[in-house]
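Q: show me the folded form of this:
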Amino acid sequence: MAYIQAIAAIAGVQIDPPGRHDHGIDGKFVKIGLQDYPTGLRTLELAWQPLPFQAKASQKVGHVNGEMVFDLDAKNYNDAVSTAEILVLVMHHPPDIQDWLAQDVERLMMHHCCYYWEPPLSAYGKLIKNKETKRISFPDTQLFTSEALLRLFNRERGIKL
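A: Numbering: from 1, shown residues only. Sure thing, here's the model as predicted:
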């Protein structure tokens, strides 16, 4: 979540927690901005719908022919294809926890990266049964970056960049 929060902060997006109930999401991205009032600048939520996400972390993220592959739990897959819009964020990390972070006096570095997957429109409402996992695949270019988050956020809302 720290990685996701850092990316969101650079994009001017905050993360709202899912609330008291688990409805298949780990948080919601909410675009924030500054509004100039007579009394001064104020930070506020912009009038856009939040963008929900699930967050997953695994060392078992594969790379096959320019595609990333990940075995998503059936429950999480069904949650994702049951909603109109959701991102699944998959953090790929090294097997040894000692290799996750490196730091010195100038920087804190996280090794590997996070990718995003969106259920294809053709998958909406098509739940899987009697399976522990569902393999999802997505282009290895779908890195979760601040630019990608803004592009996804704006596209979902019909905003041209």
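
Q: and N78, what helix or strand is that in?
A: Using DSSP states H and E, N78 maps to helix 74-81.

Q: what about the helix or strand just after that helix, average pLDDT?
A: Using DSSP H and E, the next helix or strand after helix 74-81 towards the C-terminus is strand 87-92. Strand 87-92 comes out with an average pLDDT of 92.

Q: before we move on, what about stretch 50-58?
A: Computed over stretch 50-58, the average pLDDT equals 90.

Q: just the buried positions in that stretch, please.
A: P50, L51, P52, F53, Q54, A55, K56 (16 or more other Cβ atoms under 10 Å). All C-beta spots, glycine's among them, are computed from the backbone N, C-alpha and C.

Q: skipping its backbone neighbours, what lies nearest H112 in space?
A: H92 (4.6 Å; Cβ to Cβ, 6 or more residues apart in numbering).

Q: contacting residues around that neighbour?
A: Contacts for H92 (Cβ atoms under 8 Å, 6 or more residues apart in numbering) come out as S58, Q59, V61, M68, H112, C113, C114, Y115.

Q: which strands or helices does the helix or strand where I4 lies pack on?
A: Assigned by DSSP H and E, I4 belongs to helix 2-10. Judged by 3 or more Cβ pairs under 8 Å, 6 or more residues apart in numbering; DSSP states H and E, the packing partners of helix 2-10 are strand 13-16, strand 87-92, strand 114-117, helix 146-156.

Q: that concludes my questions; thank you for your assistance.
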